[in-house]
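*Asks:* Give me the fold of what follows.
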Amino acid sequence: MILFLIFKFDTKLILRISGLPKLNFFRRVLWKISRKNIEFVTVPTKETLKNLKKMNIFDSSKVHYLPDPVFIKLKINENLKKKKKNKNVGSYILNIGRLTKQKNQKVLIKSFKEISKKYKNLKLVILGDGEKYQELMNLTIDLNLQNKIKFLGQIESPYKYIKESLCVVVTSLWEDPGFVMIESSALNKIVINSDCPSGPKEFFQKGKTGFLFKNDDAQSLINTFDKFMESKKSKIDFCIKQNYKKSLEYSEIEHSKSFRKLFKVYEKR
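*Replies:* Predicted structure coming up:
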């Protein structure tokens, strides 16, 4: 952006805001002084689109909703066709993400202490590495859950773990929109998600097609997990079907189509 302020380029500048933006003083000033040089702006969720327009930094006609290309549709379809071979399918709930403050695995481990008392054969599998590993491991030991919780580190392809889990639990404090939520839904897996800003509520239609719990609230997570376990098959099937359809908006094919439409609009100007 600074280079575009200094030099006159023939190249068009497109600003992609990916992830929930923290609008500090420097970023606000930079965006304001650069806005004339920016052809258009794209954001990954409708909630971020609404909030960005409220900030009135950019001309609202330049700001567009463009879902992220979260997955390759062909690879997802290949994984859906593979038969389940593991006899322990559904024996664990799954969390995927860097072990950081944002992903908030701490609230999941605390909740699992109570969940494991009611569902004694259930385990928790956590995929990912990060600076909170030792803290989370210490919490697991303090709660005497070391035989119930497995930390498997960074996994190149988590699809197998998603497919064979009972459900995926996402505890993030914020997401925009939330890749694990989308990929799991594309694999026909139920996701229990925090109602954090700004993707999950939008994706699950404020809870109509999924299971949302209050952000950073262990008891709410426990209650929501019970609700999932007690749900009728018709409710689960409905959620899976609706969320699979929604997830397709985030394939590389749909992203490409939407991006091309935007280019065509601005080429005509």
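
*Asks:* And stretch 177-195, end to end?
*Replies:* Using Cα to Cα, to the nearest Å, the gap from the first to the last residue of stretch 177-195 comes to 11 Å.

*Asks:* can I assume residue 126 sits in a strand?
*Replies:* Yes - assignment of residue 126 by DSSP: H, G, I helix; E, B strand; the rest coil places it within a strand.

*Asks:* For it, grab the count of nearby residues.
*Replies:* By the measure other Cβ atoms under 10 Å, the count of residues near residue 126 is 24. For the C-beta atoms, the positions are set from N, CA and C on the backbone; glycine is no exception.

*Asks:* again with the one 3 residues further on
*Replies:* When neighbours are counted by other Cβ under 10 Å, residue 129 registers 14.

*Asks:* just residue 25 next, same as before
*Replies:* 7.

*Asks:* what's the pLDDT at it?
*Replies:* At residue 25, the pLDDT value in this model is 88.

*Asks:* One more: residue 90?
*Replies:* pLDDT, residue 90: 85.

*Asks:* which non-adjacent residue is nearest it?
*Replies:* For residue 90, the nearest residue in space outside its immediate sequence neighbours is residue 166; the separation is 4.5 Å by Cβ to Cβ, 6 or more residues apart in numbering.

*Asks:* tell me the phi and psi of the residue lying closest to residue 214 once chain neighbours are set aside?
*Replies:* The shortest distance from residue 214 to any non-neighbouring residue, by Cβ to Cβ, 6+ apart, is to residue 220 (3.8 Å). Taking degrees, to the nearest 10, you get phi -60, psi -40 for the backbone angles of residue 220.

*Asks:* Where does pLDDT dip in this protein?
*Replies:* 20, 74, 76-77, 80-88 (pLDDT under 70).

*Asks:* now the strands for it?
*Replies:* Residue ranges of the strands in the chain, as given by DSSP state E, are 13-16, 38-43, 63-65, 92-96, 123-127, 149-153, 167-170, 191-194, 211-213.

*Asks:* now the ones you listed in CSV, with distance to residue 204?
*Replies:* CSV is the format used below for the strands of the chain (distance: least, Cβ to Cβ, whole Å):
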stretch, distance to residue 204
strand 13-16, 24
strand 38-43, 19
strand 63-65, 17
strand 92-96, 17
strand 123-127, 22
strand 149-153, 26
strand 167-170, 11
strand 191-194, 7
strand 211-213, 6
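
*Asks:* coming back round to it: run a quick neighbour tally on the residue nearest to residue 214.
*Replies:* Here the number of neighbours of residue 220 (other Cβ under 10 Å) works out to 17.

*Asks:* Relative to residue 194, how far out is it?
*Replies:* In this view, residue 220 and residue 194 are 9 Å apart by Cβ to Cβ, to the nearest Å.

*Asks:* And for residue 139?
*Replies:* Taken as Cβ to Cβ, the spacing of residue 139 relative to residue 194 amounts to 18 Å.
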